[in-house]
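Engineer: coords please:
(chains A and B)
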Amino acid sequence: MPTQETPDGPAIELRGATKRFRSSSGGVHTAVRDLDLTVESGEFVAVVGPTGCGKSTTLSLVSGLEPPSDGEVLVHGAPVDGIPEGVGYMFQNDAILPWRSVLDNVATGPRYRHMPKREARAKARDWVERVGLGGFESYYPHQLSGGMRKRAALAQTLVNEPSILLMDEPFSALDVQTRGLMQDELLRLWTGTGTTRGAAVVFVTHDLEEAVVLGDRVVVMTAGPATVKGSFDVPLERPRDAEEIRLTPEFLDIYREVWESLREEVQITRERGADHAA
Amino acid sequence: MLPDIEEPTKVNVGDDGQAAAVAQARAAHRRRLTGINAVRVLLVVAVLGSWELAASHWIDPFYYSKPSAIWSRLVDWFTSGTSQGSIWTQIAYTLEEAMIGFAIGSVGGVVLGIVLGRSRFLSDVCAPFIKAANAIPRIILASLFVIWFGLGMSSKVATAFVLVFFAVFFNAFQGAREVDRNLVNNARILGASRTQVLTSIVVPSATSWILASLHSAFGFAIIGAIVGEYSGADKGLGLLINHAQGTFDSAGIYAGMIIITVIALLAEWLLTLLERRLLRWRPPASSVEAQI
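Structural biologist: Numbers count the residues shown, from 1 in each chain, chains lettered A, B, ... in the order given. Below you'll find the predicted structure:
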C-alpha cells in the first residue's frame, strides 16, 4: 500500500495556490486565492466554508483535474501534473455508472488499472460487502436508494486503496438519519480494519456539525475567493460515534469555537447573496 | 442491519387482500386491452369496407383501386410471380440494398459523430460543411449515384447510406457531447486512460441517443433503396412500383406499399428488441401505455 511507503513528508501541500476561471461574461472569477494548506499522512481534515466559496475547486487542484493558475500543489512531495497516483475522489453528485451493476461499478477502478477480470471482481465483491451492500451486487444504480448509491460510490473509490481521499460534500444530498449513518460508516472504514487506514482525508462540507464529528482538524475557509481563515484541532477521542458525540459538552465547546470564526464568512456570503437578489 | 437498505418494493402475494386486489387490477387491465383491440379491428373493417363499397359503386377503381383487387394482386405476386420475376427476389434485392446502406451509414455516423462530439477543434472546423451537406436535398443524389455507380446495387446502397448517415450522425454527435462531466472526471480519477474514457463512458452514454436514431434510420435506408430503384434499376420493389405506375396499375402500387410497410414494421420490432437488451439498465419508463 502506498501509505506505508511514504511515511515522511506531508501527503498534501498547497503553497499560495490560486485558481482563476474565465467567467461566461468575459471577466475573470477567482475561486481560490493564495491558499496554504498542509495535510499530513493519515490526517482527517474537514474543510468548512460558506456555500460556493471555492472549496470544491481546492479539491480539484489536489486531484489534478484542474491545474493551479498560480502557486504550487504538491502530493507526496511531488508537484501535481495530471492525476497523482493514490488519489481517490468522491464527488458531490452521483458519479457511479448507471449502466453497470453495483459489482461492475466497484470493479471499474481495478479494471482501468488492468487487473484481470476475475481478480477485480473478487476484490470488488469484498468491498461491496464491507460497505454493507452484500446481496445487492447485481442491482443497477436506479434500483438503489440514495444512501445505497453513496455506499456504492464509496466502495468504488476505496477499492483502489487511495492514500489520499478527497470528499466533496458526499453526503449533503442525504436525509439526516442516513447522513449520520454514512458518517459512522466512513469513520469505521477509515479507522477500522480497512486497508485504507492511514489515508489522508480532505472532507469538504458546509455543515459544521459534520466537520467536527469527522475531522482531526477543521479548516475554515473565507467567503470566496477561498483562502484559509483558521485551523482548529478537534480534541475528541476516536473511535467516535457520529450520533452520540454531538451531544457531549466537548463537542459543543469546539463547535462554538469554530462557529465564531465561520459565522463572519457566512454573514458576508449572505449579504452578497442579498445584493444579487436585490 | 442497515436501516437505509430496503428491498425494491415487491407485491406481497402472501397477503390475501392484496392478492385479490392484484387479480382485480389485472382483470381490469385485460378488459381494457380487449376493448382497445376490438375498436381497432372495427376501425380497419370500417375503412376497408367503405373503400370496397365506394369503389364498387361510386368511384372509379381504375384510379383508386379497391382492397379486394389489392389483395388478389398480392396473392398473384406471391403465387405466380411478378412482371419482373419472383417477388421474393425483388424483396431480397431491396432488403439487401437497405441493409448494407444501413450498416455502413450507421457505423459511419456513429464513429464520426462520436469523434466530432469529443473534439471541440474538429467539430468547429467541420460545422459549416456538415450543415451545408445536411441542407442538400439528398434524394436528388440518387440520380447522381446512378450516373456514378450504374444501375446495379451500389447506387442504391449509396443513396441509403447518405440518408442513414446524417440521421445517425447528428444523434451520435449530440450524445457524445452531452456526456456527464462528473462521470468523465470520476473515471479519470479511477485511473481511466483517454481510450478507456471513450469506450467505457462516452460510448455507453451516447448509446440511448444512437439507438433512438436507428429507428428512423432504418426507415430512411428503405426509402433510399426504393428511391434509388426508382431512378433506374433492373430489380427490386422500387422497380416493381415504378413499373406499376407506368402501366396505370394502382393495385400494384398499393401492394408494393404494403410489402414495404410490413418489412419496415418487422425491422422496427427487431430494433426495439435490441434496444431493450442494450438499455436494460435504465429505469422502466413511467408510462408505457402512452407510447406511440
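
Engineer: helices of the stretch 51-200 of chain A, start to end?
Structural biologist: Counting by DSSP state H, counting those that start in this stretch, the stretch 51-200 of chain A has helices at residues A:55-63, A:102-106, A:108-112, A:117-130, A:146-158, A:176-191.

Engineer: I meant to write the stretch 51-200 of chain B there.
Structural biologist: Using DSSP H, counting those that start in this stretch, helices in the stretch 51-200 of chain B cover B:61-64, B:67-80, B:87-118, B:120-135, B:141-149, B:153-177, B:181-189, B:194-197.

Engineer: quick one: distance of the helix or strand following the last one to the chain centre.
Structural biologist: Beyond helix B:194-197 in the direction of the C-terminus, DSSP states H and E gives the next helix or strand as helix B:203-230. Averaged C-alpha coordinates place helix B:203-230 at 6 Å from its chain's average position (C-alpha atoms, centre = their mean, to the nearest Å).

Engineer: is chain A within reach of helix B:203-230?
Structural biologist: Yes: part of helix B:203-230 sits near chain A under the criterion C-beta under 8 Å from any C-beta of the partner chain, namely B:204, B:207. (C-beta placed from N, C-alpha, C; glycine too.)

Engineer: for that helix, buried residues please.
Structural biologist: For helix B:203-230, the neighbour count (16 or more other C-beta atoms under 10 Å in any protein chain shown) marks B:203-207, B:209-211, B:213-214, B:217-230 as buried.

Engineer: using CSV, write out the CA atom coordinates for whatever helix or strand comes next after it.
Structural biologist: Next helix or strand after helix B:203-230 toward the C-terminus (DSSP H and E): helix B:237-246. Extracted C-alpha coordinates of helix B:237-246, given in CSV (Å, rounded to 0.1, in the frame of the first residue of the first chain):
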residue,chain,number,x,y,z
LEU,B,237,-39.5,-3.4,-55.1
GLY,B,238,-38.9,0.2,-56.3
LEU,B,239,-38.7,-1.0,-59.9
LEU,B,240,-41.9,-3.0,-59.3
ILE,B,241,-43.8,0.1,-58.1
ASN,B,242,-42.3,2.2,-60.9
HIS,B,243,-43.5,-0.4,-63.4
ALA,B,244,-47.0,-0.5,-61.8
GLN,B,245,-47.1,3.3,-62.2
GLY,B,246,-46.1,3.0,-65.8
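
Engineer: contacts made by the lowest-mean-pLDDT helix or strand in chain B with the rest, please.
Structural biologist: Least confident element among the helices and strands of chain B, by mean pLDDT, DSSP states H and E: helix B:61-64 (a mean of 86). Contacts made with helix B:61-64 from outside it, assessed by C-beta atoms under 8 Å, 6 or more residues apart in numbering or on different chains, are listed as B:51, B:55, B:69, B:248, B:250.

Engineer: let's see 7 Å
Structural biologist: Taking contacts as C-beta atoms under 7 Å, 6 or more residues apart in numbering or on different chains, the residues outside helix B:61-64 that touch it are B:55, B:69, B:250.

Engineer: tally of neighbours for the last one?
Structural biologist: Burial of residue B:250 is recorded as 20 neighbouring residues (other C-beta atoms under 10 Å in any protein chain shown).

Engineer: and it, what pLDDT?
Structural biologist: The score at residue B:250 is 90. That number is its pLDDT.

Engineer: likewise the second one?
Structural biologist: Per-residue confidence for residue B:69 comes out at a pLDDT of 91.

Engineer: got the contact list for it?
Structural biologist: B:61, B:251.

Engineer: please redo it, this time with the cut-off set to 10 Å
Structural biologist: By C-beta atoms under 10 Å, 6 or more residues apart in numbering or on different chains, residue B:69 lies in contact with B:52, B:55, B:61, B:249, B:250, B:251, B:252, B:254, B:255.

Engineer: then the first one?
Structural biologist: Under the criterion of C-beta under 10 Å, 6+ apart, the contact list for residue B:55 reads B:61, B:62, B:63, B:64, B:65, B:66, B:67, B:68, B:69.

Engineer: ramachandran coordinates for the closest residue to it other than its chain neighbours?
Structural biologist: In this structure, residue B:55 finds its nearest non-sequential neighbour in residue B:66, 3.5 Å apart by C-beta to C-beta, 6 or more residues apart in numbering or on different chains. Backbone geometry at residue B:66, expressed as degrees, to the nearest 10, gives phi -150, psi 160.

Engineer: so who does residue B:66 touch?
Structural biologist: So residue B:66 contacts B:48, B:51, B:52, B:53, B:54, B:55, B:56, B:59, B:250, B:251, B:254 (C-beta under 10 Å, 6+ apart).

Engineer: what parts of the stretch 151-292 of chain B come near chain A?
Structural biologist: Within reach of chain A by C-beta under 10 Å from any C-beta of the partner chain, the stretch 151-292 of chain B has these residues: B:180-193, B:196-197, B:200-201, B:204-205, B:207-208, B:278-284.
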